[in-house]
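1. after the sequence you'll find the predicted model.
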Amino acid sequence: MSKRNSQAAKTAARERLRQERERQAKRDKVKRQVIVAGSIVGVLAIAGGISYAVMQGNKPSHWEALKDDKVVAPANTTGTDGTTVVIGKSSAKKTLKVYEDPRCPVCAQFEQTVGSTVEKDVEDGKYKIQFVGGTFLDGDSLGDGKIGTQGEGSKNAMSALGAALNVSPEAFLDYKKALYSAKWHPEESDDKFKNDDYLIEIGDSVDALKNNTKFQNAVKNGTYDEWALAMSKTFDTNKDKVSGTPSFVMNGKMLTTADGNPPMTVADFTSLVDGALKA
């Protein structure tokens, strides 16, 4: 091979190498752009997800959003926002205030043990009862069992009680009895009352509410949700200094046994009520 040809071959080889390097550089540049673009998209997606999560976290719950809404009070109520619920014969001279929370297990125990006695006393005109409902267990309990969550069952059951009260005082008492029954009342840690279908199923066990579309629609539509919050506020701001459930007050005095607890037997309850009626 001549020297000239050898030089030309070297020049051609260098040119081919230069072109290959340029092509590789272009490929590397495109690859870097794709990686950067993908990273930006990923960051934006993560940022968007975080933003959405924050927005959802800051979004008020159904119950929080209702706080400033107008209250629809059930029938058979009086007072501000219909939060005075008194049931019994007008001839009864004294009134027993009954403070309860729908999710309260001790309230359920009282209803199952002493509830029939209270029902008979009211029917006999021995005294009237004034129901004051609280929903504090929604905040104190774990709601759906997960740490950091709050319940809704007390408020939702209170709303359903309003729907029952709108049908009649008798339906209200019967429905409250069913809610607290051994068959239907869940464990305190089980927020089962937040389920409308479950509350309606319980309603079907009450004659006045069975297949009652007026009651069922009120539960599904949350007609008395605002009333439930108003009733809860009445409990929280009560002047009887009641902070737990169940609690019983007559003549402005808390009825408690010698050990300071609410009466949980028929004998203790009757003794305390009879004493208050004579006072």
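-> The structure has been received and is ready for your questions.
2. now do the contacts for the residue nearest the centre of the chain.
-> By C-alpha atoms, centre = their mean, the mean C-alpha position of the chain lies nearest to residue 152, the distance being 0.7 Å. Residues counted as contacts of residue 152 (C-beta atoms under 8 Å, 6 or more residues apart in numbering) are 62-63, 138, 143, 191, 193-194. Where you see a C-beta, it was placed from the backbone N, CA and C, and this is true even at glycine.
3. now with 6 Å?
-> For residue 152, the contacting residues are residue 194, taking C-beta atoms under 6 Å, 6 or more residues apart in numbering as the criterion.
4. equivalent analysis for the one 3 residues further on, please.
-> With contacts defined as C-beta under 6 Å, 6+ apart, the neighbours of residue 155 are 63, 135, 138, 228.
5. what comes into contact with the helix or strand where residue 120 lies?
-> The secondary structure element spanning residue 120 is helix 105-123 (assigned by DSSP states H and E). Contact partners of helix 105-123, identified using C-beta under 6 Å, 6+ apart, comprise 88, 100, 129, 177, 180, 185, 188, 245-246, 264, 266, 269.
6. and stretch 113-121, which residues are buried?
-> If you call a residue buried by 16 or more other C-beta atoms under 10 Å, then stretch 113-121 has these buried ones: 114-115, 117-119, 121.
7. kindly reformat those residues as JSON lines containing pLDDT.
-> Written out in JSON lines, the entries for those read as follows (pLDDT from 0 to 100):
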{"residue": "114", "pLDDT": "98"}
{"residue": "115", "pLDDT": "98"}
{"residue": "117", "pLDDT": "98"}
{"residue": "118", "pLDDT": "98"}
{"residue": "119", "pLDDT": "97"}
{"residue": "121", "pLDDT": "98"}
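8. so which of these is the closest to residue 156?
-> Within the buried residues of stretch 113-121, distances to residue 156 taken as C-beta to C-beta reach their minimum at residue 115, with 21.6 Å.
9. which two among the contacts of residue 155 are spaced furthest apart?
-> Using C-beta to C-beta, the contacts of residue 155 reach their maximum pairwise distance at 138 and 228, which is 10.4 Å.
10. for the stretch 101-250 of the chain, which spans come out with low pLDDT?
-> Low-confidence segments of the stretch 101-250 of the chain, defined by pLDDT under 70, span residues 140-149.
11. cool, thanks, signing off.
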